[in-house]
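# below are the sequence and a predicted model; questions follow.
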Amino acid sequence: MGKKRKAAEADDDMPAFTSQANAPPEDPRETAKKEKKDKKKSSKKRDTEKSSKPRLPSNHDPETNSHAVDPIAPKPDFTTMNVHELKLKPENEKKEDKYARQKEPRKRKKEEKEKLEGHKAEVEGKEDVPPDTKKEEKKRKKEAAKLAKKEQPGLSKAEKKILAEERKDKKRKARKEAKRAEKLKAKAAANGETEVEEEETTTKVTITQVEEVREVTMGDAVERIEVVKDVVTVEPAVEDKMEVDSDGNSTSSSDSSDSDNEKEKKPAPKSAKSNGVTNGAANGKKSKKPVDSSSDSSNSSDSESEEATKAPKVDDSTAPTTASGTQSPVPVDSTVISSYMTTHAIKITDPKAPDTLSADLILNFSDLPAVDKSHLAPFSAYKTPTPIQAASWSYLLAGRDLIGVAETGSGKTMAFAYPAVQYLSKLPKSERNPKKTGAKVVIVSPTRELAMQIFEQVEKLTIAAGMKDAATCIYGGVPKDPQRDSLSKALVIVATPGRLNDFLEEGSAKISQAGYVVLDEADRMLDKGFEDAIKTILGATPATPKRQTLMFTATWPQSVRQLASTFMTKPIRIGINSPEDGDLRANTRITQTVEVLADGRMKESRLLNIINAHQRSSPTARNDRILVFALYKKEAARLEGFLRAKGIKVGGIHGDLNQTVRTTTLAEFKSGKTPVLVATDVAARGLDIPNVKLVINVTFPLTIEDYVHRIGRTGRAGEVGKAMTFFTDHDKAHSGGLINILKAAKQNVPEELMKFGTTVKKKEHASYGAFYRDTSDAKTATKIKFDE
Ligand SMILES: Nc1ncnc2c1ncn2[C@@H]1O[C@H](COP(=O)(O)OP(=O)(O)OP(=O)(O)O)[C@@H](O)[C@H]1O
């Protein structure tokens with residue numbers, strides 16, 4: 001019943017439900033592999049079939065004796081024959097012809113191999129080197145590598161030996177010096193001597209550094225032990241050149257130019273010592289250098305590095321390292337962080353650093369790492385980052401996969417869009433050519449209107465970053481041609497899944513190098529109906545960990561979590577006032593009222609009364625936006641007609657209307673021309689319409705998650721709002737879920753609603769099963785009889 005109802009109201013962009021119930025999820029990579037294998041097999045088979053039918057020279061005439069030798073016929077051209085033709089030995093063949101014929105297959109094979117190598121080199125962007133020079137090239141490279149390893153190119157053996165001796169000597173001296181300093185220190189402390197103070201002071205500096213590094217080098221990596229010695233004997237700055245990855249292995253900064261492993265090398269978040277516990281220091285680890293533009297540029301050989309170096313640089317000596325390894329110019333007090341996290345109920349779970357009790361947050365826009373501060377212009381209208389922005393930016397800028405769960409209207413769009421544009425800004429210029437590389441960022445949303453809205457926000461950021469026209473918006477219900485044209489110029493694609501899949505199928509959309517992929521309203525996107533489309537889209541992007549995958553939503557039911565994990569690599573989970581067990585939380589600034597109606601036929605008159613009462617409540621209230629939700633398209637159309645007939649200025653949005661009407665109606669609602677809008681669930685998720693003061697649910701949605709999203713169209717960006725919901729006998733399956741939401745948001749629970757029972761049937765995913773749980777104070781469900 002539920003599925004039928006949902007399919008009836010499915011958005012045009014939503015693929016039809018499939019009957020894959022209980023089928024295990026297919027890994028997109030596995031599928032691609034399988035397909036490749038099958039293709040290979042069949043082409044092999046075709047080749048064998050072809051080659052098993054010996055082709056004869058083109059002058060062969062099947063009507064006459066094909067093997068008879070024509071004395072005046074030209075000699076066969078062996079270079080154009082295939083292997084099987086060559087095996088057919090012509091009669092009266094001359095000796096030299098025979099040799100030529102026998103040699104030919106080998107010669108052709110060699111030529112083909114060379115050709116193939118050349119093509120491969122072309123594809124991989126390498127120079128096409130003839131095979132004989134290749135050997136030499138390889139040898140040369142080997143030697144060069146050997147020399148580079150020893151860091152002494154051009155030195156004779158004897159010179160190298162001397163240098164090695166010198167180095168050993170230096171190290172020995174350093175050890176001696178450290179010991180001596182320790183002795184002196186102990187002696188001075190025991191005797192109270194003052195004459196050694198000067199020496200002791202200088203030595204102390206060295207000792208402090210040694211100790212610091214020793215702490216860093218706890219563990220067994222030899223490389224790190226050498227750094228300790230180098231700090232003493234060479235120069236303290238060497239320490240700064242070292243990077244320690246999330247596993248505590250040190251890497252030299254020059255290693256970070258290996259772009260393939262770039263993501264892997266990005267550091268695990270380092271805590272700001274909130275609660276007295278740090279993940280990095282507790283393990284004797286040292287933070288990595290920032291992954292910002294300046295560090296990138298120092299290693300980049302690309303011309304882009306020049307641009308990147310222009311980015312404002314922070315002072316290394318004072319800037320604390322953020323969770324991402326980026327640096328924030330203002331040191332953030334750990335107690336400030338702790339109290340901020342408590343106040344906003346922020347929970348960060350990092351599978352790479354499970355012991356972390358805190359995280360670095362970006363509490364001010366001025367602390368936000370940017371390739372250039374001008375990129376921050378779109379934030380000028382805001383005072384401070386919202387909690388989801390503050391908590392997720394460091395991780396996202398460091399390249400981590402992330403699941404962000406935060407209430408409706410809490411600024412999740414900018415939370416994922418800003419790092420997306422920074423990701424683009426940091427790419428070398430050669431990788432910012434959409435004609436060659438295709439799109440680098442893909443953002444998928446469940447509805448057309450939401451896709452357009454996200455696009456508007458992204459565009460603000462790309463313009464500020466000097467990348468006008470870098471983004472495009474792809475959605476159904478409108479002509480394809482202009483969208484197809486825009487795809488060839490787009491580095492960012494914001495899309496609904498259906499239309500994007502169409503373009504992928506026809507080859508107009510290229511996302512094979514998209515390293516930053518976002519699923520907005522992620523639980524909806526992973527739900528049955530969109531699941532297959534999403535698998536196709538993600539399958540067309542680079543496999544993890546080369547792809548950074550982000551999922552954002554206000555509701556994160558257990559039913560989609562397992563599927564989500566198959567698309568991500570050790571994602572950070574950030575929940576803002578979001579319980580781990582998947583219990584739902586509605587925005588607490590919304591006053592929720594539930595009206596239990598004995599008869600569904602009362603809905604229309606009640607609706608009219610409520611709208612009239614609100615519009616007359618104050619002189620300005622007539623301008624307030626009121627959003628009315630219906631479940632069915634026909635129902636929405638009927639309610640719209642009813643309200644219009646009663647003199648209310650009203651518009652409507654649902655799947656039966658063409659996209660032009662939908663877009664115009666929404667624009668008129670936003671502008672206030674029609675302050676009342678009747679909509680189906682196409683308007684339930686993500687839409688950010690300022691001034692929506694009241695949401696009325698005439699018919700309860702199909703899922704309790706949709707309820708949270710629907711009412712979330714009000715009370716956005718820190719504002720307050722009101723939601724009114726009609727509840728009838730038909731909706732009793734949702735009573736438990738609704739009661740939980742009301743209680744969690746400290747709202748009044750009407751007695752009549754309690755009578756429907758408090759049992760919660762958790763959302764079920766067709767492939768991953770159901771999750772059931774009873775509410776803690778569940779009463780036995782009472783059957784209610786309504787008067788006829
Ligand atoms: N730092 C900020 N300070 C104030 N307002 C902000 C800030 N960031 C974003 N906003 C505004 O908050 C509003 C809601 O943002 P957004 O649409 O991204 O919310 P959301 O969390 O994605 O909501 P939903 O779950 O409904 O999709 C927008 O009008 C946006 O401009």
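Sure thing, it's come through. Residues are numbered from 1 along each chain as shown.
# check the secondary structure at Lys535 for me.
When classified by DSSP: H, G, I helix; E, B strand; the rest coil, Lys535 comes out as helix.
# Ala554 and Lys743: what is the separation?
Distance from Ala554 to Lys743, counting by CB to CB, to the nearest Å: 18 Å. From N, CA and C alone the C-beta is placed, and that goes for glycine too.
# repeat for Leu397
Note on Leu397: its distance to Lys743, by CB to CB, is 38 Å.
# those two: which has the busier surroundings?
More neighbours surround Leu397 than the other of Leu397 and Lys743, with 26 against 15 (other CB atoms under 10 Å).
# and the pLDDT at that one?
On pLDDT, Leu397 comes in at 96.
# my guess is it contacts Pro369. True?
Yes. Under the criterion of CB atoms under 8 Å, Leu397 makes contact with Pro369 at 5.9 Å.
# contact partners for the residue of the stretch 201-350 of the chain found nearest the ligand?
Per CB to the nearest ligand atom, His344 is where the stretch 201-350 of the chain lies closest to the ligand, at 12.8 Å. Going by CB atoms under 8 Å, 6 or more residues apart in numbering, His344 touches Pro387, Ile576, Asn577.
# what about 10 Å?
Leu361, Thr386, Pro387, Ile388, Ala390, Ala391, Ala406, Ser410, Ile576, Asn577 (CB atoms under 10 Å, 6 or more residues apart in numbering).
# may I have stretch 620-635 as PDB, with CA atoms only?
Listed next in PDB are the C-alpha coordinates belonging to stretch 620-635 (Å, rounded to 0.1, in the frame of the first residue of the first chain):
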ATOM      1  CA  THR A 620       1.900  41.900   8.400                       C
ATOM      2  CA  ALA A 621       0.700  38.300   8.600                       C
ATOM      3  CA  ARG A 622      -1.100  38.500   5.300                       C
ATOM      4  CA  ASN A 623       2.300  38.500   3.700                       C
ATOM      5  CA  ASP A 624       3.600  35.500   5.600                       C
ATOM      6  CA  ARG A 625       4.100  32.400   3.400                       C
ATOM      7  CA  ILE A 626       1.900  29.400   4.200                       C
ATOM      8  CA  LEU A 627       2.900  26.100   2.800                       C
ATOM      9  CA  VAL A 628       0.100  23.400   2.600                       C
ATOM     10  CA  PHE A 629       1.100  19.800   2.000                       C
ATOM     11  CA  ALA A 630      -1.100  17.200   0.400                       C
ATOM     12  CA  LEU A 631      -0.100  13.600  -0.300                       C
ATOM     13  CA  TYR A 632      -1.600  13.100  -3.800                       C
ATOM     14  CA  LYS A 633      -1.300  15.200  -6.900                       C
ATOM     15  CA  LYS A 634      -5.100  15.200  -7.400                       C
ATOM     16  CA  GLU A 635      -5.600  16.100  -3.700                       C
END
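# hmm, back to that, in helices, which of the contacts of His344 appear?
In helices, defined here by DSSP state H, the members of these are Pro387, Ile388, Ala390, Ala391.
# ok, so of the residues you listed, who is nearest the ligand?
Ile388 (6.9 Å).
# okay, and for the stretch 201-350 of the chain, where does confidence drop off?
Filtered on pLDDT under 70, the stretch 201-350 of the chain yields the residue ranges 201-332.
# again, only using 80
By pLDDT under 80, the weakly predicted segments of the stretch 201-350 of the chain are 201-334.
# my guess is Ser565 contacts Pro571. True?
Yes. Between Ser565 and Pro571 there is a contact under CB atoms under 10 Å: 7.6 Å.
# touching both of the two, which residues are there?
Asp401, Ile403.
# comparing those two, which residue is more hemmed in?
Pro571 (24 against 13).
# wait, the more buried one touches Met551, no?
Yes. With contact defined as CB under 10 Å, Pro571 counts as touching Met551 (7.6 Å).
# got any residues that touch both of the two?
Shared contacts of Pro571 and Met551 (CB under 10 Å, 6+ apart): Asp401, Leu402, Ile403, Gly404, Ala564.
# near the ligand, which residues of the stretch 1-150 of the chain?
By CB under 6 Å from any ligand atom, no residue of the stretch 1-150 of the chain approaches the ligand.
# can you check the chain too?
Close to the ligand, as judged by CB under 6 Å from any ligand atom, the chain has residues 382, 385-386, 389, 406, 408-414, 554, 686, 688, 712, 716-717.
# can you say which of the residues you listed are buried?
Buried residues within those, counting neighbours by 16 or more other CB atoms under 10 Å: 385-386, 389, 406, 408-414, 554, 686, 688, 712, 716.
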